[in-house]
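Engineer: Here is a sequence together with a model predicted from it:
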Amino acid sequence: MSVANGVNDWLKRAVQSELLTEAGLNESALGGAADLLFPQSLQRVGQAALAMVRMQNSPALAVIGDNNAGFRGTEGQGAPCAILFCPPDHYNAEILRKVLPFTAPSPLGDQDVTFGVGDRLGVASPGHIRLFKKYRAAPVLAQQSARELDLTDRSYKDVLDSASWAVFQEGYTSPWGADGDHLKSEDWVKSALEIGNTMITADVSDYIKGEYQDKEKQSMMQDYTGLSSEYRQGIEERFLGLKVELDTGNTISFSREELARTALIYGQALEHALRLYRVCVEVKGEGNFDFELSIDETATPTTPEAHIFIAEEAKLVGIKSSSIAPRFVGEFQKGIDYIGSAADFESSFAIHAAIAERYGYRISVHSGSDKFTVFPVVGKHTSGRFHVKTAGTNWLEAVKVLARHEPALFRELYAYALTVFEKARKYYHITPNLDNLPVLATLSDDDLVTLFTNDDARQVIHITYGEIFKNASLKERFFAALNANIEEYWLALEKHIGRHLELLGVAHENTYQSNPA
Ligand code: ZN
């Protein structure tokens, strides 16, 4: 095959220019074959050299040398030494993570800025990595919820392997994370960690009793009296005299009624958080994982009192959170900017950020895609320590590539999205106004991308990926078109997520390095 021959030509030249000699890898040998391989991927492992190549729009690992470290693949022909072309599958990924440990994720507890990008499609990570190489922030490249796995018909193995291959391809040797996102059960947490995830986002929302928020005082206090006396005595001792003075100037204290209400809303959620935390300790050992406690999937915003109650109680039972995600004021809907008062967000966020700083974990902002209004506030009030989670924006950017290059396919996909929208929306909280959707037939091919400036259209596309991928023909043509324009896709992601990091005020990597120790 001609592509393989092109790679072989390069390999011949690379070997001749002493690729395998002590000094390692000579980049000038790469010459004109750069569209076929990723020069930044070159690594020496014992007597072999490894490189990521692209053959007919699909990635493959080239193992050059007699000792192939156990990788499985097909022998290349006509090269001056042994070459194995290996599929980027799970078997080979396990060997890759062993021989090149930087291709495995790690806990990011000692990092200041961590940023969840995820890779819903399994092909986005190289774009993310190229961006994060330039910033002082650690990416969570793999980040999938159980819902997303189900909707994309993927497994944690697959998600993690895709990230490892991308890390190898881009030669990214800095730490990165893998998040089992919004996991609710002990079984899910256990299997996510066993497969290799390094972070768990523990979603305890099913145990948050939001109905107590507005419950009439007398019957609420009656329910409180129904809790065990030992428990009530404990929290009353811990909280009724407590005064927490925050750097923002706010002092938080609890009335008996407020404490009762908070305990009724969050008591069981904390018990469940401890169950999930214990599974993490059991599988990974204390200190060897990132634990994010997520209380953001609720109808009403988290109060400062509730946040402090959770921080204190979690500390008491030994839960060491690396981050906590409260529910903030306003609306954080998928794929569009913040909805609500920016001033209200700022005053409430400053308090939550101060609480997080006081208790020593990072504040976490979920559904962070495209929240350009709030990013400067997040940067400003966190002293540069926070976690932001985005997801799905990489799917929107992929569809945008399609709109630019495959207008007919894009029109078909969008029409299909509209037919499955009602089915898809049950998984997501979004409120698009369908009357506001542009009629595609009135748009010329050149104007199709303008659809992505319409928030209602963005939301329709954003949430229908699962239903779209159930259509095998659409799925196959979508990926073929995306892979044919993959460099453009990576560049688009680099720009789009880059805008997030800039507004958050994340430092550039070179600023960091130029700062003498
Ligand atoms: Zn969330």
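Structural biologist: Right, received. Where do you want to start? Predicted model, so just to flag it, every value in this text is computed and none were measured.
Engineer: okay, now the residue of the chain found nearest the ion: neighbour count?
Structural biologist: The nearest approach of the chain to the ion comes at His366, 3.3 Å away (Cβ to the ion). C-betas here are computed from N, CA, C, even on glycine. Look at His366: counted by other Cβ atoms under 10 Å, it has 24 neighbours.
Engineer: what's the nearest residue to Cys280 if we skip its chain neighbours?
Structural biologist: Nearest residue to Cys280, sequence neighbours excluded (Cβ to Cβ, 6 or more residues apart in numbering): Phe289, at 5.1 Å.
Engineer: tell me the contacts of that neighbour?
Structural biologist: With contact set as Cβ atoms under 8 Å, 6 or more residues apart in numbering, Phe289 has these partners: Pro107, Leu193, Thr198, Met199, Ile200, Cys280, Val283.
Engineer: got a list of what the second one touches?
Structural biologist: To tie it back to what came earlier, the one meant is Leu193. If a contact means Cβ under 8 Å, 6+ apart, then Leu193 has Gly180, Ile200, Val279, Cys280, Val283, Lys284, Phe289 as its contacts.
Engineer: So the fifth one sits against Ser191, correct?
Structural biologist: No - with contact taken as Cβ atoms under 8 Å, Val283 and Ser191 are classed as non-touching, separated by 9.3 Å.
Engineer: Might you list the low-confidence residue ranges for the protein?
Structural biologist: Low-confidence segments of the chain (pLDDT under 70): 1-36, 77-81, 511-517.
Engineer: interface residues of it facing the ion?
Structural biologist: Within the chain, the positions near the ion by Cβ under 5 Å from the ion are Asp296, His366.
Engineer: if we can go back for a sec, turn the contacts of Leu193 into JSON lines, columns for secondary structure.
Structural biologist: Formatted as JSON lines, the entries for the contacts of Leu193 read as follows, by DSSP: H, G, I helix; E, B strand; the rest coil:
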{"residue": "Gly180", "secondary structure": "strand"}
{"residue": "Ile200", "secondary structure": "strand"}
{"residue": "Val279", "secondary structure": "helix"}
{"residue": "Cys280", "secondary structure": "helix"}
{"residue": "Val283", "secondary structure": "helix"}
{"residue": "Lys284", "secondary structure": "helix"}
{"residue": "Phe289", "secondary structure": "coil"}
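Engineer: which of those are buried?
Structural biologist: Applying a neighbour-count criterion of 16 or more other Cβ atoms under 10 Å, the buried members of these are Gly180, Ile200, Val279, Cys280, Val283, Lys284, Phe289.
Engineer: Roughly how far does the third one sit from Ala481?
Structural biologist: Shown here: Val279 relative to Ala481, a distance of 41 Å by Cβ to Cβ, to the nearest Å.
Engineer: swap in the fifth one?
Structural biologist: Distance of Val283 to Ala481, computed by Cβ to Cβ: 40 Å.
Engineer: Likewise for the fourth one?
Structural biologist: The span separating Cys280 from Ala481 equals 40 Å under the rule Cβ to Cβ.
Engineer: Stretch 45-60: which residues count as buried?
Structural biologist: So stretch 45-60, judged by 16+ other Cβ under 10 Å, has buried residues Val45, Ala48, Ala49, Leu50, Ala51, Met52, Val53, Arg54, Met55, Pro59, Ala60.
Engineer: And the next helix or strand past the host helix or strand of the fifth one?
Structural biologist: For Ala51, the enclosing helix or strand under DSSP states H and E is strand 48-55. The element immediately downstream of strand 48-55 (helix or strand, assigned by DSSP H and E) is strand 58-64.
Engineer: which SS class is Arg44?
Structural biologist: Using three-state DSSP, the secondary structure recorded for Arg44 is strand.
Engineer: hmm, I was thinking of Ser364
Structural biologist: On the three-state scheme (three-state DSSP), Ser364 is labelled strand.
Engineer: If it is in a bridge, with which residues?
Structural biologist: In this structure, Ser364 has the following beta-bridge partners (DSSP bridges): His387.
Engineer: what about it, how many neighbours?
Structural biologist: Neighbouring residues of Ser364 were enumerated by other Cβ under 10 Å; the total is 25.
Engineer: For it, give me its contacts.
Structural biologist: Residues in contact with Ser364, defined by Cβ under 8 Å, 6+ apart, are Glu292, Ser294, Ser323, Ile324, Ala325, Phe386, His387, Val388, Lys389.
Engineer: Can you tell me how far Gly109 is from Val53?
Structural biologist: In this structure, Gly109 and Val53 are separated by 35 Å, where distance is defined by Cβ to Cβ.
Engineer: circling back: going by distance to Thr442, which of the buried residues of stretch 45-60 wins?
Structural biologist: Arg54 (38.5 Å; Cβ to Cβ).
Engineer: so His496 sits right up against Trp395, yeah?
Structural biologist: No - taking Cβ under 8 Å as the contact criterion, His496 and Trp395 are not neighbours in contact, 11.8 Å apart.
Engineer: got the contact list for the closest residue to Lys371 other than its chain neighbours?
Structural biologist: Distances taken as Cβ to Cβ, 6+ apart place Tyr338 nearest to Lys371, at 4.9 Å, with adjacent residues excluded. With contacts defined as Cβ under 8 Å, 6+ apart, Tyr338 is in contact with Gly330, Glu331, Phe332, Phe345, Lys371, Phe372, Thr373, Val374.
Engineer: State the phi and psi torsions of Ala124.
Structural biologist: Per-residue torsions, Ala124: phi -90, psi -20 (degrees, to the nearest 10).
Engineer: in terms of contact, does it touch Asn394 like I think?
Structural biologist: Yes - with the criterion set as Cβ under 8 Å, Ala124 and Asn394 qualify as a contacting pair; they are 4.0 Å apart.
Engineer: Parallel or antiparallel, which strands does the strand holding Ala51 pair with?
Structural biologist: The sheet places strand 48-55 alongside strand 37-45 (antiparallel), strand 58-64 (antiparallel), with pairing taken from DSSP bridges.
Engineer: Dump the contacts of Ser364 to a markdown table, plus neighbour count.
Structural biologist: Formatted as a markdown table, the contacts of Ser364 follow (neighbours: other Cβ atoms under 10 Å):
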| residue | neighbour count |
| --- | --- |
| Glu292 | 27 |
| Ser294 | 25 |
| Ser323 | 24 |
| Ile324 | 27 |
| Ala325 | 27 |
| Phe386 | 25 |
| His387 | 33 |
| Val388 | 28 |
| Lys389 | 26 |
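Engineer: Check these and tell me the two furthest apart.
Structural biologist: So for these, where distance means Cβ to Cβ, the most widely separated pair is Ser294 and Phe386, at 14.6 Å.
Engineer: For Leu264, which non-adjacent residue is spatially closest?
Structural biologist: Tyr212 (4.3 Å).
Engineer: Quick check: that neighbour touching Glu257?
Structural biologist: No - contact between Tyr212 and Glu257 fails when scored by Cβ under 8 Å: they sit 11.2 Å apart.
Engineer: Overlap in contacts, these two.
Structural biologist: With Cβ under 8 Å, 6+ apart, Tyr212 and Glu257 have common neighbours Met220.
Engineer: thinking again about what came up before, among the buried ones among the contacts of Leu193, which one sits closest to Val99?
Structural biologist: Each of the buried ones among the contacts of Leu193 was scored against Val99 by Cβ to Cβ, and Lys284 proved nearest at 22.2 Å.
Engineer: tally of neighbours for the closest residue to Asp112 other than its chain neighbours?
Structural biologist: With Cβ to Cβ, 6+ apart as the measure, Arg385 is the residue that lies nearest to Asp112, at 4.7 Å, once sequence neighbours are left out. Arg385 sits with 17 neighbouring residues when counted by other Cβ under 10 Å.
Engineer: now the end-to-end length of stretch 244-262.
Structural biologist: Here the two ends of stretch 244-262 are set 16 Å apart, with distance taken as Cα to Cα, to the nearest Å.
Engineer: Check the offset of that stretch from the chain's centre.
Structural biologist: Distance of stretch 244-262 from the chain centroid (Cα atoms, centre = their mean, to the nearest Å) equals 33 Å.
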